[in-house]
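S.K.: Give me the fold of what follows.
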Amino acid sequence: MFATGLDWAAWAVAVPLVGALLAGLLPRLGPVLGLVFSLLTALAVAGAVMAVWHEGPVRAGLGGWDVPLGIALSLDGLAALMLAMTAVVGLAVSIYALGYLHSSQTRGKFWTLWLWLWASMNALFLSGDVFNIYVTLELVGLAAVALTALSGGAAALGAAMRYLLVSLLGSLAYLMGVALLYGGYGVLDLAALGAAMEPDKVSRLAAVLMTVGLLMKTALFPLHVWLPPAHGSAPAPVSAVLSALVVKASFYLILRLWLDVFPALTVPGFELFMGALGAGALLWGSVLALRAARLKQVVAYSTVAQLGYLFLVFPLMAVTPGAWQAVVFFALAHACAKATVFLAAGSLQQAAGHDRLAQLGAVMRKEPVTVFAFGIAGASLVGLPLTGGFIAKWLLVDAALQGHAWGWASLVLAGGLLAGGYVFRVLGHAFGRGPVDPDHRPVPAVMVWSTLVLALVSVALGFAGAASLELLALHGGQT
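M.R.: Next up, the predicted model:
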């Protein structure tokens, strides 16, 4: 019996890591092992979340070694919510992949890489020092790149190489910042750095390098050029994981650093600059999604747009300090909705043999459950009532209005209208007239129903806003 949240959290890292090893050694059993270890990982995460809920934040050195000799692990409300987000999406993706993957060779590689990625993300959310964060960030990046190239072909390999180069450049910038901080303060622990941080030139340079490196991995406009090819050409389960989870990991680090380590380094105009980048992402990504000719391109460019909301955290925190909680809830709602639309897009692509939007109408009429799931998740992306996206955008607008930031509130509303444009552009093809596609390939039931269940989770989040905010209130650092 495990006494603390960190015990559960350690299992949330160890379980998928063991699963990845076994799936690599026994590739024929990959689907069975993948499902079993996905369920066990989700149970470990549930234990960690409940422990934080009842016991509060906890922090300790790995293996009983105290900081600075030991590697610090930290579990608070923010980390717990990110673990829960990854578990919900990850479990749905694992079930979906049982029907999506057909090649035995691809199945074996997928389960090894996916469980490795899941373990790395959980370790990243729990890391309490900047160097261990670098290590887990690299593990996440390598697994994500390998998954991007999983389908083979020139397009996938080219997208994976571009992703790899950008990821390595971002990691190098982050590591240079870590070196500057260690040279200046002699510690790597987040809490110790936050307590010792001075607004000098070296610290500011380190903050800039680390933030820019993470922005590259998050694909914030105008550093987003690698994202649409990578997410659009990857297999559907991989696209869902990349857009819903992987880019959130680097955003989580940006938020954690500026909440707990760098708040003393803020200079006038910084919040406005970050907000302007977020606004650019929201507008430019939406325009490209409205113009895209392929379904997966629409969804990929919509990721570029929706990431813009996350970076409104900086201007909103300047006027309403608690606004970061609204942004984190938005990340949770977006993860469930975006994973759903990518899974639905993958099902439609598999049914039709292509994802050309203009020619998908007949297939969409033959797959009503998948289209219904896409519609529910799309409603969350738009921010329609009774969805998690509605609550998230309501919280963002409320934070802006509390600080009399009318411009940012208007931007959130405008983003919802643009999202409605590209979501209803896709759904409109399902209601057109025309013959049934004779080449329609039935989609396995496990793909259809896992997608629908995840879509319903995005609705359930519309009723879970209060609980999520209570969990975030158990943040262990500065607020």
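S.K.: give me the low-pLDDT residue ranges for the protein?
M.R.: For the chain, the stretches flagged by pLDDT under 70 are 1-3, 5, 61-70, 103-107, 433-439, 476-479.
S.K.: Show me where it has its strands.
M.R.: 58-61, 72-75 (DSSP state E).
S.K.: most neighbours per residue, which of those strands?
M.R.: Ranked by mean neighbour count under mean count of other Cβ atoms under 10 Å, those are led by strand 72-75, which reaches a mean of 25. Placement of C-beta: from N, CA and C, glycine included.
S.K.: same for that strand, what does it pack against?
M.R.: Contact partners of strand 72-75 among helices and strands, from 3 or more Cβ pairs under 8 Å, 6 or more residues apart in numbering; DSSP states H and E: helix 5-25, helix 30-55, strand 58-61, helix 104-126, helix 190-196.
S.K.: now for these, which one comes closest to Leu214?
M.R.: Leu214 lies closest, by Cβ to Cβ, to one member of those: helix 104-126, at 11.4 Å.
S.K.: Give me the angle between the closest one and helix 30-55.
M.R.: For helix 104-126 against helix 30-55, the angle between stretch directions is 10 degrees (axes from the mean of the first three to the mean of the last three Cα atoms, to 10 degrees).
S.K.: From Gly407, how far out is the residue nearest to Phe390 when sequence neighbours are not counted?
M.R.: Once flanking residues are discounted, Phe390 sits nearest to Gly383: 5.1 Å by Cβ to Cβ, 6 or more residues apart in numbering. To Gly407, Gly383 is 18 Å away according to Cβ to Cβ, to the nearest Å.
S.K.: what's Leu386 in contact with, if anything?
M.R.: By Cβ atoms under 8 Å, 6 or more residues apart in numbering, the contact set of Leu386 is 459, 462.
S.K.: again, only this time at 10 Å
M.R.: By Cβ atoms under 10 Å, 6 or more residues apart in numbering, the contact set of Leu386 is 376, 379-380, 459-460, 462-463.
S.K.: circling back to that earlier point, in JSON lines, list the helices and strands packed on strand 72-75 along with distance to Leu168.
M.R.: Shown next, in JSON lines, are the helices and strands packed on strand 72-75 (distance: least, Cβ to Cβ, whole Å):
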{"stretch": "helix 5-25", "distance to Leu168": "22"}
{"stretch": "helix 30-55", "distance to Leu168": "28"}
{"stretch": "strand 58-61", "distance to Leu168": "30"}
{"stretch": "helix 104-126", "distance to Leu168": "16"}
{"stretch": "helix 190-196", "distance to Leu168": "24"}
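S.K.: Tell me how far Ala382 lies from Tyr100.
M.R.: To be clear, residue 382 is Val; Ala isn't right here. Distance, Val382 to Tyr100, using Cβ to Cβ: 26 Å.
S.K.: before we move on, the earlier item: just the contacts of Leu386: which are in helices?
M.R.: Using DSSP state H, 376, 379-380, 459-460 are the members of the contacts of Leu386 that sit in helices.
S.K.: could the residues you listed go into CSV alongside neighbour count and distance to Gly24?
M.R.: Listed next are the ones in helices among the contacts of Leu386 as CSV, based on neighbours: other Cβ atoms under 10 Å; distance: Cβ to Cβ, whole Å:
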residue, neighbour count, distance to Gly24
Ile376, 24, 36
Ala379, 25, 39
Ser380, 32, 36
Val459, 19, 37
Ala460, 14, 35
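S.K.: Tell me which two of those sit farthest apart.
M.R.: Pairwise distances among these were taken by Cβ to Cβ; the largest, 13.4 Å, belongs to Ala379 and Ala460.
S.K.: Can you list the buried residues in stretch 256-263?
M.R.: Buried residues in stretch 256-263, counting neighbours by 16 or more other Cβ atoms under 10 Å, are found at 256-262.
S.K.: What of stretch 358-369?
M.R.: Residues of stretch 358-369 classed as buried: 360-367, 369 (neighbour count, 16+ other Cβ under 10 Å).
S.K.: Just the closest of those to Thr340, please.
M.R.: Checking the buried residues of stretch 358-369 against Thr340 with Cβ to Cβ, the nearest one is Val369 at 12.2 Å.
S.K.: How about that closest one, nearest residue that isn't a chain neighbour?
M.R.: Distances taken as Cβ to Cβ, 6+ apart place Val448 nearest to Val369, at 5.0 Å, with adjacent residues excluded.
S.K.: What's the separation between the one you found and Thr211?
M.R.: According to Cβ to Cβ, Val448 stands 41 Å off from Thr211.
S.K.: repeat for His354
M.R.: Applying Cβ to Cβ, the value for His354 to Thr211 is 40 Å.
S.K.: between these two, which one's more packed in?
M.R.: Thr211 (20 against 15; other Cβ atoms under 10 Å).
S.K.: wouldn't the more buried one be in contact with Tyr174 here?
M.R.: Yes. Counting by Cβ atoms under 10 Å, Tyr174 is a contact partner of Thr211 at 8.8 Å.
S.K.: Common neighbours of those two, please.
M.R.: Common neighbours of Thr211 and Tyr174, counting by Cβ under 10 Å, 6+ apart, are 253, 257.
S.K.: Do you have the helices of the stretch 151-300 of the chain handy? List them.
M.R.: Per DSSP state H, counting those that start in this stretch, the stretch 151-300 of the chain carries helices over the ranges 154-185, 190-196, 201-218, 227-233, 236-241, 247-260, 270-291, 295-310.
S.K.: So which of those helices is the most surrounded?
M.R.: helix 236-241 comes out most buried of the helices of the stretch 151-300 of the chain by mean count of other Cβ under 10 Å, with a mean of 29.
S.K.: Please list all residues in contact with the residue nearest to Val369.
M.R.: Per Cβ under 10 Å, 6+ apart, neighbours of Val448: 96, 99, 343-344, 347, 367-370, 372-373, 442.
S.K.: Those in helices, which ones?
M.R.: In helices, defined here by DSSP H, the members of those are 96, 99, 343-344, 347, 368-370, 372-373.
S.K.: And the buried ones among those, selectable in PyMOL?
M.R.: Listed next is the PyMOL selection for buried residues among these, using 16+ other Cβ under 10 Å:
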select buried, resi 96+99+343+344+347+369+370+372+373
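S.K.: Just put the contacts of Leu386 in TSV and tack on distance to Leu78.
M.R.: Listed next are the contacts of Leu386 as TSV, based on distance: Cβ to Cβ, whole Å:
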residue	distance to Leu78
Ile376	27
Ala379	27
Ser380	22
Val459	24
Ala460	21
Gly462	21
Phe463	21
